[in-house]
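Peer 1: prediction below, plus the sequence it came from.
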Amino acid sequence: MHEKQQKIEFFNEFMEVVEKRGVAMGSRQTPFLEAVLPYISAEDEPNVLYFGSSSTKVQLNGYLYSEENNSLNLYVVDYDIEYEDETLPEITKTAVTEVATKAKRFFTNAKVFHTHAERTLEVANLAKHILDIQNELEEVNIYVVTNRFYTSNKPIDLTIPGIPNVNVYVWDMDRVFKLTEAEQGIKDFEIDLSKYGTYFEMMKVPEQSNEESRYDIDCYIGYIPACILAQLYDEFGPKLVERNVRSFLQARGGTNKGIRDTLKEPQQRNLFVAYNNGISSVAKSGDIEQIGDSNVYRIKNLTSWQIVNGGQTTASIHQAFKNEVPLEEVFVQAKLTIIHVDTENEADRYLLEDEMISKISEYANTQNKINKSDLLANTRFMSDIEKYSRNTWIPSQDGRREESKWYFERARGQYMVDIGRRKKGKEQNEFKKTYPKELVLTKVELAKYFMSWKGHPHVSSKGGEVAFTKFMGLNSQYWKHDATEENKVESINELFYTNLIACCIINNYVKSVVEQMNLKGYKANVIYYTVSMLNHLYSNQIDLEYVWKKQQLSSKWERCIQTIAKAALDHLRSSAGDRNVTQWAKNEECWELFKVQYSKPLNNLI
């Protein structure tokens, strides 16, 4: 299928989901942002809200403060509804800059919005928080999330007085599409360097260990010409960075701007190799020959070459290449690891290769914030949950045969890719009937729902990535090999899977009740704390097997949930004191205090 047509079909499917949720919520921007957020690489996730002022041209759709990094993320949505069918709506650099400036104005006018907040207490509190921290902030990151295609991909430069680094990140539909494609697993591809009129010449690292292993690696170090790296990225694009969990970053940020500036200055280019840490890469095999009796090897061909660390360097060099910056004098230091797997079984070979590449990717990226959910997506535990979701029918409620199943999305965008692999019409319609869009469940959603039900709302409040790490830790017996007993891994069963789904059903029900209450602010935190308190007080009255069989929590719980939700919001606001409410909600102390102060008055509601 032609790539443009693939993008059109992906775009249409994505928009269909957003529009359906938008009708139910009365807003398109919020469901669109929530649909894109799982694709954005971040350890934490933002608080979603909506604030807009047409008179001052200000808009904000989400925010996230990181005390550890002394940074503030501001999220602003551009949602275009006036596009023609079978087209890819585009957005210009000028339009992106205008959207980003709307979020910037919220920051620069925080004093006004603190005293005259038009919508919610949460907006006023955020404005106050900005005023409290703005003199200490080192970085403000503005995320422009658009349902259009930013084809030029040109950097956006904004400044805010008093803030050392202001970065604009554009998350357009092209970026989401590419990341979705990359998540679906690496397909072998060949890189013939002779096509570019060159070879890589690198030194081989001596092998010291004689210990037996399932893996055998050859490691090479050296440098590669920047112009060749740029040409390879221009041709192969996302294929080169599928294993780089920081991939698809544009030339932004302090580090990337430094790379860009070094490449621009003729006097600086030959110093690039001294300034930059280079790239780490892996490949499954290669055509590599020794040069004479030396320790230098000529690399002529590589199979499935992957840049696992250095994606930002690669993207910045490629941007310079596209801007016709001379790169002949620029070289990039590089490490190349060739992985040999000792097995005759092809399926095992791919599994072990992927496992080893994931480990190299994780360790090579330890200096960056990376997504554990991406690195652990191929564990046996995740694969087993996926298998049960494909094989377990939802019990029929009216005596007819079962017709649908939940769809566990182990990789981001997997559901839409599965649809795209089927013929339009009958095949796609049958797939959607079997796996309805509203029953698609991502791995980070599963983790947040599980942690909330198990009594860890403060963990869920920290975001999907933290929740996922804790979720995997609590269930390590299903995927982690013991150091002394290689095969000590338990298997999940159908009951484990259906109980997981029951937790999700309860969370979704609580979410629907809370959304109808129109509470002013901190909705996500309220949902997590309500679910945890519901289980804390009434677990003996809620049968997860029954919830699975009925696919719902009885409506008799609605009033109870409303009462708990109101109490949760009151607690979050009152107990926070002078602290930021969303930061306070991430503390275990906040949860423990909620139980101590509210368990007795909230008991016996049923």
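Peer 2: That came through fine.

Peer 1: drop to CA atoms for contacts and neighbour counts, all remaining ones
Peer 2: Will do.

Peer 1: residue ranges of the helices in the stretch 301-450 of the chain, please?
Peer 2: For the stretch 301-450 of the chain, helices defined by DSSP state H, counting those that start in this stretch occupy the ranges 311-322, 346-364, 372-375, 380-391, 414-420, 426-434, 443-453.

Peer 1: before we move on, what about the stretch 1-150 of the chain?
Peer 2: Going by DSSP H, counting those that start in this stretch, the stretch 1-150 of the chain shows helices at 3-25, 29-36, 93-108, 110-115, 121-133.

Peer 1: any idea which of the ones you listed gets closest to S599?
Peer 2: S599 lies closest to helix 121-133 among the helices of the stretch 1-150 of the chain, at 25.7 Å (CA to CA).

Peer 1: what's the angle from that closest one to helix 93-108?
Peer 2: 80 degrees (axes from the mean of the first three to the mean of the last three CA atoms, to 10 degrees).

Peer 1: give me the number of residues near E403?
Peer 2: 13 (other CA atoms under 10 Å).

Peer 1: please look at it and P436 and confirm they touch.
Peer 2: No: between E403 and P436 there is no contact under CA atoms under 8 Å: 10.1 Å.

Peer 1: where does pLDDT dip in the stretch 201-350 of the chain?
Peer 2: 208-215, 237-239, 241-258, 260, 341-350 (pLDDT under 70).

Peer 1: swap in the stretch 51-200 of the chain?
Peer 2: Filtered on pLDDT under 70, the stretch 51-200 of the chain yields the residue ranges 116-119, 182-187.

Peer 1: rerun at 50
Peer 2: For the stretch 51-200 of the chain, the stretches with pLDDT under 50 are 118.

Peer 1: just the strands in it please.
Peer 2: Secondary structure of the stretch 51-200 of the chain by DSSP state E, counting those that start in this stretch: the strands cover 58-66, 71-78, 139-146, 165-171, 190-192, 200-204.

Peer 1: partner strands of the fifth one and their direction?
Peer 2: Strands adjacent to strand 190-192 in the sheet, as given by DSSP bridges, are strand 296-303 (antiparallel).

Peer 1: CA atoms of the strand it pairs with as CSV?
Peer 2: Presented in CSV, the C-alpha positions along strand 296-303 are these (Å, rounded to 0.1, in the frame of the first residue of the first chain):
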residue,chain,number,x,y,z
VAL,A,296,40.7,-2.3,11.8
TYR,A,297,37.7,-3.8,10.0
ARG,A,298,35.9,-2.6,6.9
ILE,A,299,32.1,-2.7,7.3
LYS,A,300,30.4,-3.0,3.9
ASN,A,301,26.9,-4.2,4.6
LEU,A,302,24.6,-4.3,7.7
THR,A,303,21.4,-6.1,8.4
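
Peer 1: so what touches it?
Peer 2: For strand 296-303, contacts defined as CA atoms under 8 Å, 6 or more residues apart in numbering pick out 188-194, 199-204, 283-291.

Peer 1: and those residues, which are buried?
Peer 2: Neighbour-count burial (16 or more other CA atoms under 10 Å) applied to those gives 191-193, 199-204, 283-286, 288.

Peer 1: so where is the stretch 351-500 of the chain shaky, pLDDT-wise?
Peer 2: Scanning the stretch 351-500 of the chain for pLDDT under 50 picks out the ranges 366-370, 483.

Peer 1: what bridges to the closest residue to L240 other than its chain neighbours?
Peer 2: Excluding the flanking residues, the one nearest L240 by CA to CA, 6 or more residues apart in numbering is Q306, at 4.9 Å. Residues in a beta bridge with Q306, per DSSP bridges, are V282.

Peer 1: and K520, what helix or strand is that in?
Peer 2: Here K520, judged by DSSP states H and E, is contained in no helix and no strand.

Peer 1: same check, this time on the one 10 residues further on
Peer 2: Per DSSP H and E: T530 is located in helix 523-538.

Peer 1: keeping just the C-alphas, turn that helix into PDB.
Peer 2: Listed next in PDB are the C-alpha coordinates belonging to helix 523-538 (Å, rounded to 0.1, in the frame of the first residue of the first chain):
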ATOM      1  CA  LYS A 523     -10.300  14.800  37.700                       C
ATOM      2  CA  ALA A 524      -7.700  12.100  37.100                       C
ATOM      3  CA  ASN A 525      -6.500  12.200  40.700                       C
ATOM      4  CA  VAL A 526     -10.100  12.100  42.000                       C
ATOM      5  CA  ILE A 527     -10.800   9.000  39.900                       C
ATOM      6  CA  TYR A 528      -7.700   7.100  41.200                       C
ATOM      7  CA  TYR A 529      -8.400   8.000  44.800                       C
ATOM      8  CA  THR A 530     -12.100   7.000  44.500                       C
ATOM      9  CA  VAL A 531     -11.300   3.600  43.000                       C
ATOM     10  CA  SER A 532      -8.700   2.900  45.700                       C
ATOM     11  CA  MET A 533     -11.100   3.900  48.500                       C
ATOM     12  CA  LEU A 534     -13.900   1.900  46.900                       C
ATOM     13  CA  ASN A 535     -11.800  -1.200  47.100                       C
ATOM     14  CA  HIS A 536     -10.400  -0.300  50.500                       C
ATOM     15  CA  LEU A 537     -13.900  -0.100  52.000                       C
ATOM     16  CA  TYR A 538     -16.100  -2.400  49.900                       C
END
